[in-house]
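Asker: structure for the following, please:
(one chain, ligands or ions: 2)
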Amino acid sequence: MAAASLSGSSLCNYNYRFSRSIPRRRYFASESRFFSEGLNDVDKPSPKPLIVSSSESNTQNHSILKGSNLSNGPTWKRNLNLQTNCAVGVCISPENVAESHYSHAAEEKLGVLLLNLGGPETLNDVQPFLYNLFADPDIIRLPRLLRFLQQPLAKLISVLRAPKSKEGYASIGGGSPLRKITDEQADALRMALEAKNVHANVYVGMRYWFPFTEEAIEQIKRDRITKLVVLPLYPQFSISTTGSSIRVLQRIFKEDAYLSRLPVSVILSWYQRQGYIQSMADLIEKELGKFAKPEEVMIFFSAHGVPVSYVEDAGDPYKDQMEDCIYLIMQELKARGIGNDHTLAYQSRVGPVQWLKPYTDEVLVEIGQKGVKSLLAVPISFVSEHIETLEEIDMEYKHLALESGIENWGRVPALGCNSLFITDLADAVVEALPSAKAMSTSTEDAEETEYDPLSYVIKLFFGSILAFILLLTPRVVLAFRNGLF
Ligand SMILES: C=CC1=C(C)c2cc3[nH]c(cc4nc(cc5[nH]c(cc1n2)c(C)c5CCC(=O)O)C(CCC(=O)O)=C4C)c(C)c3C=C
Ligand SMILES: [Fe+2]
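Answerer: Ligands and ions are numbered 1, 2, ... in the order given. Presented below is the predicted three-dimensional model:
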């Protein structure tokens, strides 16, 4: 498990470049490199609040805290049955954990913050949700000099993409199930921690829709949490998912005296945990059993793609972690006597740039034409059902596969509240506790950033003109024609 504190400095210790040939364990260091370099880069307070649609104002009042019966100050204890946990820059053994961190347990109030993407709850939410997503500099990565174009570009792309996205959300019932599922996972995690005699408030913070991470943090402050474990619900680390969510936290924490002193442990990736690997193998084994000839089924891992430049230029460890994750799942299946063929492809590309290959749609056609008759699709980047499982895989890809000659189609469900998986997340939280570290020990670090409305309006004006010109370039026009946005 790769865990880290929120402070940039403790992450700077590992400073070598990420390379594909380095051993598995070093991926963690590449994550730290990303954080230490990234802090000064795009981590500026947003001059503008996130946009929300008019229909959702009532949703702002929804509870962020799951298990609020715990908010009045019960203490937490820890399970002393810890395994040695090597976090980024910190190695802790069970013995020193017991004496150094838990002597003041009576005063401590543990919080767990689950981070997730968020999704539109109604069709009216789709365009403002897309705006928030495309306005994220970790999603559309513009060169520093062009950063002022981010918001006008986000506006344009979100408006242009909204009709296609709306169709997708309409076909899965009119909105994303992500909030409901994440809330259920939060409840299940709180109970799994409770069963280990660890009492915690579990919060949900979404990156692009309600309840926003900012709201969750406000609640954490109101509850006077004294130690926080941050758990992004993405098994593998990517700049565009966990990275983006952590940057938001770093910004919020840097600006706040209380938060900058709060001991925090961030679990950067957890795809290699036994519980996760075993629960994925369980799901695959169960679905294989539904085919007439299970041994002839091709196991088709479909991962969410990212642009190639993330991996090759920005050092995103996502692709390597994904390949490692699939290796571990297949090893686990092999140990159970399951030796099916398997393959990995990447789905959900957006825009005119190169994404990780091979592409799911192209591979499906290829293997169908090569004579594969039975296929089990395994979504692998995410632990909840969402638009890309329910619409893209279950509808589009299934249709394409059947058209291409595949006769028997199956799909592994997302983990959701699978009990082995949730129990393992609870273990991950417990193991992360000892590495909790404050971002800063003085209030001086909490800086005020000036916001100049005039320069913002000027940038927005010229930005909109430039964005418009950019959008007329042949590559972008072609991408729109081909439906890539
Ligand atoms: C444009 C760039 C995008 C990158 C890079 C990206 C990475 C990425 N995303 C997920 C998981 C999810 N993404 C979801 C929706 C979604 N993602 C993008 C774009 C990028 N994602 C868009 C435009 C959308 C909106 C839907 C659409 O219009 O197609 C979701 C679904 C949320 C829901 O509403 O159910 C998930 C989940 C990962 C794991 C990832 C990188 C590893
Ligand atoms: Fe996405």
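Asker: after whichever strand or helix holds Gln278, which helix or strand is next? Please name it.
Answerer: Secondary structure from DSSP states H and E places Gln278 in helix 274-288. Using DSSP H and E, the helix or strand that follows helix 274-288 in sequence is strand 298-304.
Asker: can you spell out which helices and strands pack onto that following strand?
Answerer: Other elements packing on strand 298-304 under the criterion 3 or more CB pairs under 8 Å, 6 or more residues apart in numbering; DSSP states H and E are helix 318-335, strand 342-347, helix 360-369, strand 374-379. No exception for glycine: its C-beta is placed from N, CA and C like everyone else's.
Asker: make JSON lines from these and add mean pLDDT, mean neighbour count and distance to ligand 1 to it.
Answerer: Converted to JSON lines, the helices and strands packed on strand 298-304 look like this (pLDDT from 0 to 100; neighbours: other CB atoms under 10 Å; distance: least, CB to the nearest ligand atom, whole Å):
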{"stretch": "helix 318-335", "mean pLDDT": "98", "mean neighbour count": "19", "distance to ligand 1": "6"}
{"stretch": "strand 342-347", "mean pLDDT": "98", "mean neighbour count": "21", "distance to ligand 1": "9"}
{"stretch": "helix 360-369", "mean pLDDT": "97", "mean neighbour count": "19", "distance to ligand 1": "14"}
{"stretch": "strand 374-379", "mean pLDDT": "98", "mean neighbour count": "23", "distance to ligand 1": "9"}
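Asker: can I get those in JSON lines with distance to Pro263?
Answerer: Shown next, in JSON lines, are the helices and strands packed on strand 298-304 (distance: least, CB to CB, whole Å):
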{"stretch": "helix 318-335", "distance to Pro263": "26"}
{"stretch": "strand 342-347", "distance to Pro263": "37"}
{"stretch": "helix 360-369", "distance to Pro263": "41"}
{"stretch": "strand 374-379", "distance to Pro263": "34"}
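Asker: closest one to Lys166 among these?
Answerer: When these are compared by CB to CB, strand 342-347 sits nearest Lys166, at 19.5 Å.
Asker: got a list of what the residue nearest to Met330 when sequence neighbours are not counted touches?
Answerer: Nearest-residue entry for Met330: His342, 5.9 Å, with adjacent residues in sequence omitted and distances by CB to CB, 6 or more residues apart in numbering. Neighbouring residues of His342 by CB atoms under 8 Å, 6 or more residues apart in numbering: 298-301, 326, 330.
Asker: repeat that with 7 Å
Answerer: If you count contacts by CB atoms under 7 Å, 6 or more residues apart in numbering, His342 has them with 298-299, 301, 330.
Asker: find the nearest non-adjacent residue to whichever residue of the stretch 251-400 of the chain sits closest to ligand 1, please.
Answerer: Proximity of the stretch 251-400 of the chain to ligand 1 (CB to the nearest ligand atom) peaks at His386, 3.1 Å away. Once flanking residues are discounted, His386 sits nearest to Leu178: 5.4 Å by CB to CB, 6+ apart.
Asker: which parts of this structure sit against ligand 1?
Answerer: 117, 119, 130, 133, 139, 161, 165, 176, 178, 234, 238, 240-241, 304, 306, 318, 350-351, 381-382, 386-388 (CB under 6 Å from any ligand atom).
Asker: let's verify Ser265: helix, strand, or coil?
Answerer: Assigned with DSSP: H, G, I helix; E, B strand; the rest coil, Ser265 falls in the strand class.
Asker: for it, grab the count of nearby residues.
Answerer: By other CB atoms under 10 Å, the residues close to Ser265 number 24.
Asker: what distance do you get for it to Glu107?
Answerer: Distance from Ser265 to Glu107, counting by CB to CB, to the nearest Å: 18 Å.
Asker: one more: Met1?
Answerer: 27 Å.
Asker: so between these two, which is more surrounded?
Answerer: Between Met1 and Glu107, Met1 has the larger neighbour count (other CB under 10 Å), namely 20 against 8.
Asker: show the contacting residues for the spatially closest residue to that one that is not a sequence neighbour.
Answerer: Distances taken as CB to CB, 6+ apart place Trp270 nearest to Met1, at 5.2 Å, with adjacent residues excluded. Residues in contact with Trp270, defined by CB under 7 Å, 6+ apart, are 1, 235, 276, 428.
Asker: Val112 too?
Answerer: Val112 touches 189, 200, 202, 229, 231, 429, counting by CB under 7 Å, 6+ apart.
Asker: 6 Å instead, please
Answerer: Residues in contact with Val112, defined by CB atoms under 6 Å, 6 or more residues apart in numbering, are 200, 202, 229, 429.
Asker: ok, so what distance separates the closest residue to ligand 1 within the chain from Glu391?
Answerer: With CB to the nearest ligand atom as the measure, Gly119 is the residue of the chain nearest to ligand 1, at 2.4 Å. Going from Gly119 to Glu391 by CB to CB gives 12 Å.
Asker: what of Lys370?
Answerer: 26 Å.
Asker: tell me which of these two has more neighbours.
Answerer: Neighbours were tallied for Lys370 and for Glu391 using other CB under 10 Å; the higher tally belongs to Glu391 (18 against 9).
Asker: can I assume the more buried one is in contact with Ala170?
Answerer: No: counting by CB atoms under 6 Å, Ala170 is not a contact partner of Glu391; they are 9.4 Å apart.
Asker: in the stretch 151-300 of the chain, which spans are helices?
Answerer: Taking DSSP state H, counting those that start in this stretch as the test, the helices found in the stretch 151-300 of the chain are 178-195, 213-222, 244-254, 257-261, 274-288.
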